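Colleague: I would like the atomic coordinates for the input below:
(4 chains)
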Number of protein chains: 2
Amino acid sequence: MFKPLDPLLHSELRLAVMSLLIGAESAEFPYIKEQTGATAGNLSVQLDKLATAGYITVEKTFKGKRPCTLCSITPVGLKAFEEYVETLREYLNPSQ
Amino acid sequence: MFKPLDPLLHSELRLAVMSLLIGAESAEFPYIKEQTGATAGNLSVQLDKLATAGYITVEKTFKGKRPCTLCSITPVGLKAFEEYVETLREYLNPSQ
DNA sequence: TTGTTTGGTTTATAAAATAAACTACTTTAT
DNA sequence: ATAAAGTAGTTTATTTTATAAACCAAACAA
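Modeller: All right, here's what the predicted structure looks like:
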């Protein structure tokens, strides 16, 4: 009856990150940190998990002399997100 | 930007339980167990958490000679569920 | 040149989910 | 009558996950 929810996405912070990245071409670490209100440590860990799963790419570049971590969603990540939303709907609309 | 998700509801099993209970007047432990595919131990723990929060009531009765644990959603639980769904929508529809 | 800020990572701790083991009682088979 | 098997759970232990604290390196500001 209840299909399992992708555990990688069923996490408040990771879901927020994915949500942000869907709306944007890419986003920098400090921006994601600010928008989600996460601590840097937590964000770093969760970005790693998303990247390891292939849901996002994490590109380490420089912005002038400063390091800059740029994140983008991948097609795989987008698909996973859409499937997660679809699955979740079964939980949220008990009528169907 | 992202409102926090009620941690009590942002759990696959507890959400499934709430989803079931919304669609029904009440439900017995074994039925919930079967529908969710949870182990009895896990279900017992999660029902306790929902009951402690006042989201459900757990009534211990008998069905003939056998014990029977009957669960129902409370108005508080229903409200919490609706708020959870509303909050979650912000994560799921990145456009808004 | 010595704080201070930025941009993170690593590691330790707390919380949550899950499973395994156990209790209590009932029904069925012998 | 009694042993075996099933039902209905609870308790406890283990694993996983989330989170925060501590740390590091480079750059900038005084």
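
Colleague: hey, let's count contacts and neighbours off CA atoms from now on
Modeller: OK.

Colleague: Helices of chain A, start to end?
Modeller: Along chain A, the segments classed as helices by DSSP state H run A:12-22, A:29-36, A:40-52, A:75-92.

Colleague: how about CSV for these, with mean neighbour count, distance to residue B:55 and mean pLDDT added?
Modeller: Formatted as CSV, the helices of chain A follow (neighbours: other CA atoms under 10 Å in any protein chain shown; distance: least, CA to CA, whole Å; pLDDT from 0 to 100):
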stretch, mean neighbour count, distance to residue B:55, mean pLDDT
helix A:12-22, 22, 21, 96
helix A:29-36, 16, 28, 95
helix A:40-52, 16, 30, 95
helix A:75-92, 17, 16, 96
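
Colleague: Can you add distance to residue B:39 and give those helices back as CSV?
Modeller: CSV is the format used below for these (distance: least, CA to CA, whole Å):
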stretch, distance to residue B:39
helix A:12-22, 25
helix A:29-36, 34
helix A:40-52, 28
helix A:75-92, 19
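
Colleague: Columns distance to DNA strand D on top of these, output as CSV?
Modeller: Shown next, in CSV, are those (distance: least, CA to the nearest atom of the strand, whole Å):
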stretch, distance to DNA strand D
helix A:12-22, 5
helix A:29-36, 10
helix A:40-52, 4
helix A:75-92, 14
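
Colleague: Look up how far DNA strand D lies from residue A:25.
Modeller: To DNA strand D, residue A:25 is 24 Å away according to CA to the nearest atom of the strand, to the nearest Å.

Colleague: who's the residue nearest to that residue when sequence neighbours are not counted bridged to?
Modeller: Nearest-residue entry for residue A:25: residue A:72, 6.5 Å, with adjacent residues in sequence omitted and distances by CA to CA, 6 or more residues apart in numbering or on different chains. Beta-bridge partners recorded for residue A:72 (DSSP bridges): residue A:57.
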